[in-house]
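A.B. asks: Just a sequence and a predicted model for now, questions to come.
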Amino acid sequence: MNSIYFHDTMQGKKVEFEPRIPGEMSMYVCGLTTSNDSHIGHARTAIVFDVIRRIFRKNGYKVKYISNFTDIDDKIIQKAQEENTTAQEIAERYMHRYIDVIQKMHISEPDMYPKVTDHIPQIIEAVEKLIENGFAYESSGDVYFRVRKSEEYGKLSKKKLDELISGARILPGEKKEDPLDFALWKEAKPGEPFWESPWGNGRPGWHIECSVMALKYLGNHFDIHGGGQDLIFPHHENEIAQAEGITCAKPFCHYWIHTGWVTLDKVKMSKSVGNVFRIKDALKHYHPNVLRYFFLATLYSSPLEFNVEAIERAGKNVEKIATSIRRFQDVKLQDSSVIPPYELQLLEFFSRAQDEYHSHLRDNFNTPAAFGTIHVALRELNRVLDEIESLTSTTMKQIESYLQDFFETLGFVDIQNTTFVLDTSDITNAIRDVVISFDIDLPDENISLDDLVNLLIQKRTEARKNKDFSLSDEIRDQLQKHQIVLEDSQGKTTYRLEKQ
């Protein structure tokens with residue numbers, strides 16, 4: 001197997017992946033708290049780890065990928081009370097909505113989506129074990145973790161206990177021994193959902209759930225734990241302390257991978273701040289492939305500013321790719337079994353590009369550099385197509401294989417048909433009126449935008465053959481008014497949509 005390198009948060013440097021079990025990779029990624037619709041920060045994390053899984057699989061690894069749903073916490077309970085419904089109904093609503101938008105984004109789902117409420121017995125057992133091992137204590141129905149008992153606490157976030165003490169305090173209602181301690185089990189308040197436990201009716205604290213589910217499904221010392229950068233402290237730090245306190249074995253997992261912040265107007269996107277842009281809203285405006293390109297055009301660990309200009313750059317790059325692929329697919333086939341020298345050179349170029357592409361992905365999942373290789377390869381393809389009119393079937397199949405490899409590994413679906421604008425209903429209605437204005441009969445009232453534009457392209461082609469350039473230009477200009485740009489190449493006219 002080829003070596004894969006990435007930045008490990010725990011070691012603070014790029015490392016070579018060494019699997020716990022040869023040929024296998026196990027990965028746990030902290031998932032959604034189901035109190036509201038997911039935002040694009042969640043989308044970035046989901047896309048990044050989807051691609052990481054694809055890269056490992058491409059390099060021959062059998063991957064087990066777990067990502068959880070937090071379906072009980074303070075925010076879920078509060079929203080249920082506000083809407084006069086149950087916490088379960090709130091959680092189920094946003095779980096289903098999340099899965100729906102993830103599927104629309106062409107993100108492959110994890111092997112399992114475990115839920116907190118399905119693991120209450122295991123969580124209670126884990127808390128009992130922490131009490132038994134001296135890492136936790138019960139206090140009037142609550143159970144807390146003793147942070148000072150964990151000798152290496154802060155090893156992931158590089159925080160010192162002295163630094164944490166200065167800002168720590170015990171809030172009203174908390175019954176801690178120490179301001180640094182955190183809740184493992186919370187006594188239920190009146191009207192809240194609860195489960196029976198040795199300490200009375202209550203529910204889990206936030207951090208314990210991921211330790212328990214990761215250990216249950218991936219075992220001690222699994223390979224990779226991931227999530228957003230905002231989870232490093234306190235969530236992931238607490239996960240480590242809990243898990244190693246439960247098992248009395250180190251390490252909890254071997255490697256930690258974190259995605260960078262997603263910012264809006266230079267401020268980290270956060271539900272608590274309120275500056276969130278929901279995935280469902282992004283999908284109303286932008287094609288899933290454009291959004292995927294936008295997220296992957298920046299290295300996964302770097303900050304990412306969400307703005308219209310960056311999305312437009314992504315859209316233009318995707319359209320360049322789509323146009324090149326469509327042009328390639330329209331090339332005529334040569335009736336020859338002999339591959340000419342220029343085709344052999346093209347295949348050699350693509351072979352080198354493929355090696356370079358996968359080398360970038362194995363080196364810290366460098367998707368921006370991988371995109372660069374794709375664009376260079378397509379420019380070379382376009383250069384060859386500028387000089388010839390046909391390719392042999394052998395060359396066509398080989399290049400199709402290379403292109404499929406490029407885009408499958410990055411998770412793109414049907415990229416050759418990507419347009420910048422997703423919702424084209426308004427444009428379709430406008431172009432229908434343009435078709436009628438040129439006295440073209442509509443074969444069907446429900447005709448698609450693609451068929452409408454092709455009717456106008458056919459009318460324009462006839463006009464040009466008849467040297468009626470005034471009509472030809474008028475058709476082109478009318479389409480341009482509605483964000484449709486015609487492109488003439490090799491005697492064929494195609495079109496693309498610009499952003500509204």
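C.D. replies: Thanks, I have it. Numbering: from 1, shown residues only.
A.B. asks: what's the closest non-adjacent residue to residue 64?
C.D. replies: Once its chain neighbours are removed from consideration, residue 64 has its nearest residue in residue 26; the separation is 4.8 Å (Cβ to Cβ, 6 or more residues apart in numbering). C-betas here are computed from N, CA, C, even on glycine.
A.B. asks: Ok, residue 396 next?
C.D. replies: Per Cβ to Cβ, 6+ apart, closest to residue 396 is residue 333, 6.7 Å.
A.B. asks: which strands and helices sit next to the helix or strand containing that neighbour?
C.D. replies: Residue 333 is part of strand 332-334 when elements are defined by DSSP states H and E. In this structure, strand 332-334 packs against strand 390-392, helix 393-410, with contacts taken as 3 or more Cβ pairs under 8 Å, 6 or more residues apart in numbering; DSSP states H and E.
A.B. asks: Residues contacting stretch 110-120, please?
C.D. replies: Contacts made with stretch 110-120 from outside it, assessed by Cβ atoms under 8 Å, 6 or more residues apart in numbering, are listed as 29, 31, 64-72, 88, 91, 95, 99, 123, 195, 204, 209, 212-213, 216-217.
A.B. asks: out of those, which are inside helices?
C.D. replies: With helices defined by DSSP state H, the entries of the contacts of stretch 110-120 inside them are 88, 91, 95, 99, 123, 209, 212, 213, 216, 217.
A.B. asks: Max pairwise distance over these: which two?
C.D. replies: Taking every pair in these and measuring Cβ to Cβ, the maximum separation is 23.6 Å, between 99 and 123.
A.B. asks: Least confident secondary structure element in the chain?
C.D. replies: Taking mean pLDDT, DSSP states H and E as the measure, the helix or strand of the chain with the lowest value is strand 267-268, at a mean of 71.
A.B. asks: starting at the chain centroid, how far to stretch 388-398?
C.D. replies: Taking the mean C-alpha point of stretch 388-398 and that of its whole chain, the gap between them comes to 34 Å (Cα atoms, centre = their mean, to the nearest Å).
A.B. asks: Which residue ranges make up each domain of the protein?
C.D. replies: For the chain, the structural domains run 16-282, 317-416, 425-497, going by automatic domain parsing.
A.B. asks: weakest of those domains by average pLDDT?
C.D. replies: Ranked by mean pLDDT, those end with domain 425-497 at the bottom, a mean of 85.
A.B. asks: Give me the distance from it to the chain's centre.
C.D. replies: What separates the centre of domain 425-497 from the centre of its chain is 36 Å, taken as Cα atoms, centre = their mean.
A.B. asks: ok so, going back, show me which of residue 99 and residue 123 is the more surrounded one.
C.D. replies: Between residue 99 and residue 123, counted using other Cβ atoms under 10 Å, the more crowded position is residue 123 (24 against 16).
A.B. asks: For that one, give me its contacts.
C.D. replies: Residues in contact with residue 123 (Cβ under 8 Å, 6+ apart) are 116, 185, 204, 208, 209, 212.
A.B. asks: Mind putting those into TSV with neighbour count and distance to residue 55?
C.D. replies: Written out in TSV, the entries for the contacts of residue 123 read as follows (neighbours: other Cβ atoms under 10 Å; distance: Cβ to Cβ, whole Å):
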residue	neighbour count	distance to residue 55
116	24	29
185	26	39
204	26	34
208	29	31
209	28	28
212	27	28
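A.B. asks: neighbours around residue 85, how many?
C.D. replies: For residue 85, the number of neighbouring residues by other Cβ under 10 Å comes to 12.
A.B. asks: Assumed it was part of a helix.
C.D. replies: No: assigned with DSSP: H, G, I helix; E, B strand; the rest coil, residue 85 falls outside any helix and is coil.
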